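Q: no sequence for this one, just the structure:
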Ligand code: SAH
């Protein structure tokens, strides 16, 4: 066989096995979404949600979760589980990502703040659904990797900043929705101030020694605040440098 033919065959092999892996991931992703839908039905008594918005389901079917995790974890990318992403942090359980997205009541015009970029997966799901996502991550290595992944996958309506998001991100406030993906002991006042009237904060609240409570805080048009406990959850702590 000539050298050129040999190289051609190798390239074909790489291409075919790559697209087979992508097909497998695609199939696994559809199954993951089915499982999320079942969990949503199963927990509806607590969440008040029988089903997810079809647009959220579409976003979950689209975002390649395997691109947001270390390659050693990729075989598990589409299990409905949190997974380690390095630096002692985790990518959230897909059901929780879906539920938090649903509870935020976002639309195509929304400007959203996420505190705790982690892998960037939640930011990508939001980016499929809203106008712009501002996301802040305290661990530099994670923030940089997430930002690179989001840009590589074409999520140009996301902006990731490295920094402490405990007090929010004033520069782009007010936000239509704020999702916090790490748990403080109480909801920081600045986050409430950076929320638009009519907006929602979705946030796990509580001490690390126990499970936390996923809460939805709503600010009505007059600025009055209403809080609801949704589900017990386990999140890493929202650290605080000041
Ligand atoms: N949303 C992420 C999962 C986040 S895990 C995803 O989709 O993968 C929680 C993240 O919050 C961790 O990466 C942690 O480093 C980050 N974090 C904790 N405290 C923070 C703070 N004060 N400001 C910004 N990020 C914080």
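A: Noted; the coordinates are in hand. Predicted, not measured: the structure shown is a model, and the values here were computed from it.

Q: can you pull the contacts of residue 26?
A: For residue 26, no residue counts as a contact, taking C-beta atoms under 8 Å, 6 or more residues apart in numbering as the criterion. Using the backbone N, CA and C atoms, a C-beta is placed for each residue, glycine as well.

Q: what does residue 47 give?
A: Going by C-beta under 8 Å, 6+ apart, the list of residues near residue 47 reads 40, 99, 103, 230-231.

Q: pLDDT, secondary structure and neighbour count added to the residues you listed, as a markdown table?
A: A markdown table is the format used below for the contacts of residue 47 (pLDDT from 0 to 100; DSSP: H, G, I helix; E, B strand; the rest coil; neighbours: other C-beta atoms under 10 Å):
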| residue | pLDDT | secondary structure | neighbour count |
| --- | --- | --- | --- |
| 40 | 98 | helix | 20 |
| 99 | 98 | helix | 25 |
| 103 | 98 | helix | 24 |
| 230 | 97 | strand | 19 |
| 231 | 96 | strand | 16 |
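
Q: could I get those residues as CSV with distance to residue 76?
A: Written out in CSV, the entries for the contacts of residue 47 read as follows (distance: C-beta to C-beta, whole Å):
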residue, distance to residue 76
40, 21
99, 20
103, 26
230, 26
231, 23
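
Q: which single one of these is nearest to residue 220?
A: Distance to residue 220, by C-beta to C-beta, is smallest for residue 103 among the contacts of residue 47, at 16.1 Å.

Q: run the chain-centre distance for stretch 192-200.
A: On the basis of C-alpha atoms, centre = their mean, to the nearest Å, the separation between the geometric centre of stretch 192-200 and that of its chain is 20 Å.

Q: and it, average pLDDT?
A: pLDDT averaged over stretch 192-200 equals 98, rounded to a whole number.

Q: re earlier: tell me which of the contacts of residue 47 is nearest to the ligand?
A: Closest approach between these and the ligand, by C-beta to the nearest ligand atom: residue 99, at 13.0 Å.

Q: mind listing residues that contact the longest strand belonging to the chain?
A: Longest strand in the chain, counting residues (DSSP state E): strand 195-205. Counting by C-beta under 8 Å, 6+ apart, strand 195-205 makes contact with 100, 103-105, 174-187, 191-192, 212-223, 233, 235, all of which sit outside it.

Q: what of stretch 75-83?
A: Contact with stretch 75-83 is made by 25, 28-29, 31-32, 35-36, 39, 65-66, 69, 73, 90-96, as judged by C-beta under 8 Å, 6+ apart.

Q: and stretch 52-66 with the ligand, contact?
A: No - with C-beta under 6 Å from any ligand atom as the threshold, stretch 52-66 lies outside contact range of the ligand, at a closest distance of 9.2 Å.

Q: let me redo that: stretch 128-137
A: Yes - applying C-beta under 6 Å from any ligand atom, one finds stretch 128-137 in contact with the ligand at 136-137.

Q: give me the distance from that stretch to the chain's centre.
A: Centroid separation for stretch 128-137 versus its chain: 10 Å, with C-alpha atoms, centre = their mean.

Q: what about residue 239, neighbour count?
A: Other residues lying near residue 239 total 13 when counted by other C-beta atoms under 10 Å.

Q: surely it is in contact with residue 164?
A: Yes - contact status for residue 239 versus residue 164: in contact at 7.4 Å, counting by C-beta atoms under 8 Å.
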